[in-house]
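*Asks:* coords below, sequence missing:
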C-alpha cells in the first residue's frame, strides 16, 4: 500500500516537473528544473524538495520550491508547516504548495503567514496552458530575455515601428503581462500591432537608437500594476538598464 501511494506521488511530481518545463519553454526562460533535490539547511540537515525551479537573471539566482501532494484527503496544518520549515531553513527560496485537494483552515493560515502560495493542481494546469507564470516569479524583474514588446508592422521606419504608444517603447519581461496589456489597450481588429519576442540584436538596436535619439524606454512594473482594473504601471529605463539586458 505504501509503495502504491509513493509511486502515485512520484508520478504527480513528474507531471508537475513537465508543466514547469513547458512554462519555461513558452516564456523562453533558461531554467533548471530538478526533482527530489536535497539541500542542506541552516540546521545542518538535508531538506528535500519535490520540484526545484531555478534560473538566473541580471546575475541573481532565483529558486522556487514546489511541494506536490496527490492525496485524496485535505491538506492539514502540519504538512504546510513542515514545508515552511524547510524553506526557512534553506533560505532565499520561494515556496509553492501544489495539491489535488484543498487546504484545511489551519494549513491555509500557515501558508498565508509564511507567504507560501497554494495552487490546486487543476488550476496549475490552466495557468500553464494560458502562459501564466506569475507564481514562479519573485518580482517584476525576474524573467530572462528575450523581452516582449509590440511592433507596428505598418510603420515606415524604426521609430514608427517601435515607438508608437505614448511616444515610449514599452518592454515586458513576461509574455503573459504583455498579452494582458494588448487585450486592454489595443483594438482587437488592428492587425498591424504584433506582440514579438525581443532578440539580443533588437535590444542592441534599441540601445543604439536610445543613444542617438534619446527615446523613452519603459519596463512593465508588475508590483505597481493592477491587471483586474486595467491599471498598467511602468518604470523608466535608462542606458544602464538597457545595457544590463544585453548579454
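*Replies:* Looks like it came in fine. These numbers were taken from a predicted model, which means no experiment stands behind them.

*Asks:* all contacts plus neighbour counts: C-alpha atoms, from now on.
*Replies:* Fine.

*Asks:* Checking residue 241 next. Helix, strand or coil?
*Replies:* Of the three states, residue 241 takes helix under DSSP: H, G, I helix; E, B strand; the rest coil.

*Asks:* Need phi/psi at residue 227.
*Replies:* Main-chain torsions, residue 227, degrees, to the nearest 10: phi -60, psi -30.

*Asks:* Give me the spatial nearest neighbour of it, chain neighbours excluded.
*Replies:* residue 180 (7.3 Å; CA to CA, 6 or more residues apart in numbering).

*Asks:* And residue 218, by the same measure?
*Replies:* residue 236 (4.3 Å).

*Asks:* give the contact list for the one you found.
*Replies:* By CA atoms under 8 Å, 6 or more residues apart in numbering, the contact list for residue 236 reads 216-219.

*Asks:* Could you measure from it over to residue 54?
*Replies:* 28 Å (CA to CA, to the nearest Å).

*Asks:* in a helix, that's where residue 210 is, yeah?
*Replies:* Yes: counting by three-state DSSP, residue 210 is part of a helix.

*Asks:* can you pull out the helices in the chain?
*Replies:* Listed in chain order, the helices of the chain (DSSP state H) span 2-26, 77-90, 105-113, 121-129, 158-162, 175-185, 200-213, 239-245.

*Asks:* how about those in JSON lines, adding mean pLDDT, distance to residue 38 and mean neighbour count?
*Replies:* What follows is the helices of the chain, written out as JSON lines (pLDDT from 0 to 100; distance: least, CA to CA, whole Å; neighbours: other CA atoms under 10 Å):
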{"stretch": "helix 2-26", "mean pLDDT": "64", "distance to residue 38": "15", "mean neighbour count": "16"}
{"stretch": "helix 77-90", "mean pLDDT": "95", "distance to residue 38": "10", "mean neighbour count": "18"}
{"stretch": "helix 105-113", "mean pLDDT": "94", "distance to residue 38": "22", "mean neighbour count": "15"}
{"stretch": "helix 121-129", "mean pLDDT": "62", "distance to residue 38": "23", "mean neighbour count": "16"}
{"stretch": "helix 158-162", "mean pLDDT": "78", "distance to residue 38": "46", "mean neighbour count": "16"}
{"stretch": "helix 175-185", "mean pLDDT": "90", "distance to residue 38": "32", "mean neighbour count": "17"}
{"stretch": "helix 200-213", "mean pLDDT": "82", "distance to residue 38": "36", "mean neighbour count": "14"}
{"stretch": "helix 239-245", "mean pLDDT": "85", "distance to residue 38": "32", "mean neighbour count": "13"}
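
*Asks:* Just tell me which of the ones you listed ends up closest to residue 47.
*Replies:* helix 77-90 (6.0 Å; CA to CA).

*Asks:* which residues are in contact with that closest one?
*Replies:* 39-43, 47, 65, 67, 93-95, 97, 104-108, 110-111, 114, 116.

*Asks:* are any of those buried, and which?
*Replies:* For these, a burial check counting by 16 or more other CA atoms under 10 Å picks out 41, 47, 65, 67, 93-95, 97, 107-108, 110-111, 114, 116.
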